[in-house]
Structures are given as structure tokens and as C-alpha cells.
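Colleague: Sequence and computational prediction follow.
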Amino acid sequence: MNIAQIKSLPPTALHRNVDLEIVSMNQQGYAETYIILPSTIYGLAKGPLVEAGISNPHSVQIPYIAKASIDQKQASMVGAGKPIWPLHSHLQNS
């Protein structure tokens, strides 16, 4: 884990506020924590976390991309059109 990369994310980045709390809890010794970047879910997720109501079984990214295309009445390209998500792009450029 590169804590400096997590802390360098812009305040508007999704999950940043939660990620900083997770890092803080680990650093203060309240819990041993790990951050796993959210994946794209194709179909419905299953498993104990979904069944317990802790994890969202639905994709977040795909519906947003589809809605943006529908709203614009055309498909779009994000940034340079590279096949990477923006969060990964930011981390690779840090």
C-alpha cells in the first residue's frame, strides 16, 4: 500500500473520504485494514457480504457510463480514451 498516493487523491475523488478514515484507523491501531480498489461488477455480485447487506451487488460504473451516453445521445470517451479507470490513471501518474 502506498499511503502517500491515497492521501494525494483530489478531495473530489470517489471513496477518498472513506479511504482516509480506513488509513487513519490502521495507523492509530484500531484495526488492521486493507484497501481494495472497487471492481466493476458484471451481473449481480453474490456472497456473504452481499447477503448480509454490507456490499452492493450492483455495478456502479456501468450504469453511470450508460446514463451519460443516453443523456448526451451519443457514446463518449473519457480523457485520452485509454482502457483504464480515472483512479488508476491518477495513481499511475503520481
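Modeller: Looks like it came in fine. Numbers count the residues shown, from 1 in each chain.
Colleague: any idea how far the spatially most distant residue from the centre of the chain lies from residue 64?
Modeller: Largest separation from the mean C-alpha position in the chain: residue 73, at 26.0 Å (C-alpha atoms, centre = their mean). For residue 73, the distance to residue 64 (C-beta to C-beta, to the nearest Å) stands at 16 Å. Every residue, glycine included, has its C-beta placed from N, CA and C.
Colleague: Tell me where the protein is predicted with low confidence.
Modeller: 1, 37-42, 78, 84-94 (pLDDT under 70).
Colleague: redo that, cut-off 50
Modeller: For the chain, residues meeting the criterion pLDDT under 50 lie at 88-94.
Colleague: And the helices in it?
Modeller: 3-8, 16-27, 48-51, 61-72, 86-93 (DSSP state H).
Colleague: Include distance to residue 79 and mean neighbour count when you put the ones you listed into TSV, please.
Modeller: TSV is the format used below for those (distance: least, C-beta to C-beta, whole Å; neighbours: other C-beta atoms under 10 Å):
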stretch	distance to residue 79	mean neighbour count
helix 3-8	18	13
helix 16-27	19	13
helix 48-51	31	11
helix 61-72	13	11
helix 86-93	7	12
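Colleague: Turn those helices into TSV, including distance to residue 33.
Modeller: Converted to TSV, those look like this (distance: least, C-beta to C-beta, whole Å):
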stretch	distance to residue 33
helix 3-8	11
helix 16-27	4
helix 48-51	16
helix 61-72	24
helix 86-93	18
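Colleague: Quick one, which of those helices gets closest to residue 36.
Modeller: helix 16-27 (10.4 Å; C-beta to C-beta).
Colleague: how about the closest one as PDB, C-alpha atoms only?
Modeller: The C-alpha trace of helix 16-27 is given here as PDB (Å, rounded to 0.1, in the frame of the first residue of the first chain):
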ATOM      1  CA  ARG A  16     -11.300   9.300  -0.800                       C
ATOM      2  CA  ASN A  17     -13.000  10.400   2.400                       C
ATOM      3  CA  VAL A  18     -13.600   6.700   3.300                       C
ATOM      4  CA  ASP A  19     -10.100   5.600   2.300                       C
ATOM      5  CA  LEU A  20      -8.600   8.300   4.500                       C
ATOM      6  CA  GLU A  21     -10.600   7.000   7.500                       C
ATOM      7  CA  ILE A  22      -9.600   3.500   6.800                       C
ATOM      8  CA  VAL A  23      -5.900   4.500   6.700                       C
ATOM      9  CA  SER A  24      -6.300   6.500   9.900                       C
ATOM     10  CA  MET A  25      -7.900   3.600  11.800                       C
ATOM     11  CA  ASN A  26      -5.000   1.400  10.700                       C
ATOM     12  CA  GLN A  27      -2.400   4.000  11.700                       C
END
